[in-house]
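1. from the sequence below, what's the structure:
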Amino acid sequence: MTRISIGISIYNNSSNVKNLINSIRSLTNFPEKYNIVVCDDGSDESVSRSLIAFCDSLAIPYIQNINNKGVPYSWNRLTEYYDTEYMIILNDDTRVIHKNWLAEVVFALDNNPEVGIVDWRENIIDFSGNVLKQTSSYHGKLPKAKLKPSGPFFAFRKNVWKTIKQPDGSTGFWEDLTAYREEMDLAAEFASRGFYTMQLPFYMEHFKSQTFNGNPDSRLRKTYSDFLTEEEFWGEFYTYSQLDIEVKKENSKPKERFKRFFPWKALKKQLPTKLEYSRAMFAKKWKNRNLFNMPGEKFLKSAKSSQKAFLQSIQGIKILYLDSEMNVAEAHF
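-> Numbering: from 1, shown residues only. Predicted coordinates for the structure are as follows:
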């Protein structure tokens, strides 16, 4: 068993993944063996051919989905591939810029048994290479507890992932979601087992929206799940539009905003987006279960205040981490 493996999910962008892998190979300062595996989620033949040759030249395994199966399906195939203690998932539009990133995540998981998921701060880069947003001024120089990891890059304990059984029969990530809410669902499953998410005070780069720009068709949910039928969806989606945990203003009225941006009658005649449908699926799964240390329906109804209450419930936990000089340091959630 290796200590840590890196899985990269890709779709129709050969330059991104080549840049990412080159950044890993050139910038990673880690004394132990680590693995890299790539999963191609149904890219065009010309893209796949180029990437297969590139990965073969570096002896990197290349998993190829015949059709586009969705993000959680690919993440499960990546996680299954190696017998490994810890797994890192990277989008193809990310890049390593900090040489000790791998050592720091392994140390964090080794030395904090209550931490199940780890991610990094994010530099969001536009198409011209300009930094659009940094998280440093908000998060400071210390690790922090989070509700869920950042979708573009995170690490987790594989032994906990193995215990997660999803409504569609999949293990680990909920494959039926196909896109959106997969990292939130993973964090909720980990939290229900007593594990939390920690953000390290170091950067990864993320090139804004490039993963989904390579797959515009991914925005539509073309089939309904047995878990949430078409008839259930509309009622469930309408309910969840009022329970949206991403509402930015507590005093806003989700029901009114929903009607303004998504006219009810018009929407019923077309396919939902994957984001809309995944929100409804997530709500149906969790609203009658314990979600982040409180009843699911209560959590979903109160947006920011529920997230704040969860983070307050784990305040005071001591954590160890490696600082920028690779010295062992101590902080508290």
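2. how about the strands in this protein?
-> Using DSSP state E, the strands of the chain run over 2-10, 34-41, 62-65, 84-91, 94-96, 115-125, 131-134, 144-146, 153-157, 196-207, 290-291, 294-295, 318-322, 328-332.
3. reformat those as a markdown table; add distance to residue 106 and mean pLDDT.
-> No exception for glycine: its C-beta is placed from N, CA and C like everyone else's. Shown next, in a markdown table, are these (distance: least, CB to CB, whole Å; pLDDT from 0 to 100):
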| stretch | distance to residue 106 | mean pLDDT |
| --- | --- | --- |
| strand 2-10 | 6 | 97 |
| strand 34-41 | 9 | 98 |
| strand 62-65 | 24 | 97 |
| strand 84-91 | 6 | 98 |
| strand 94-96 | 15 | 93 |
| strand 115-125 | 9 | 91 |
| strand 131-134 | 25 | 60 |
| strand 144-146 | 19 | 93 |
| strand 153-157 | 9 | 97 |
| strand 196-207 | 11 | 92 |
| strand 290-291 | 29 | 92 |
| strand 294-295 | 32 | 90 |
| strand 318-322 | 9 | 96 |
| strand 328-332 | 13 | 95 |
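4. in JSON lines: those, plus mean neighbour count and distance to residue 183.
-> Output for those, formatted as JSON lines (neighbours: other CB atoms under 10 Å; distance: least, CB to CB, whole Å):
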{"stretch": "strand 2-10", "mean neighbour count": "22", "distance to residue 183": "12"}
{"stretch": "strand 34-41", "mean neighbour count": "22", "distance to residue 183": "16"}
{"stretch": "strand 62-65", "mean neighbour count": "16", "distance to residue 183": "20"}
{"stretch": "strand 84-91", "mean neighbour count": "23", "distance to residue 183": "9"}
{"stretch": "strand 94-96", "mean neighbour count": "25", "distance to residue 183": "14"}
{"stretch": "strand 115-125", "mean neighbour count": "22", "distance to residue 183": "8"}
{"stretch": "strand 131-134", "mean neighbour count": "12", "distance to residue 183": "19"}
{"stretch": "strand 144-146", "mean neighbour count": "19", "distance to residue 183": "11"}
{"stretch": "strand 153-157", "mean neighbour count": "24", "distance to residue 183": "7"}
{"stretch": "strand 196-207", "mean neighbour count": "22", "distance to residue 183": "9"}
{"stretch": "strand 290-291", "mean neighbour count": "18", "distance to residue 183": "15"}
{"stretch": "strand 294-295", "mean neighbour count": "15", "distance to residue 183": "20"}
{"stretch": "strand 318-322", "mean neighbour count": "17", "distance to residue 183": "21"}
{"stretch": "strand 328-332", "mean neighbour count": "12", "distance to residue 183": "23"}
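5. quick one, helices of the stretch 201-333 of the chain?
-> 210-213, 230-242, 254-261, 264-268, 274-286, 296-301, 303-313 (DSSP state H, counting those that start in this stretch).
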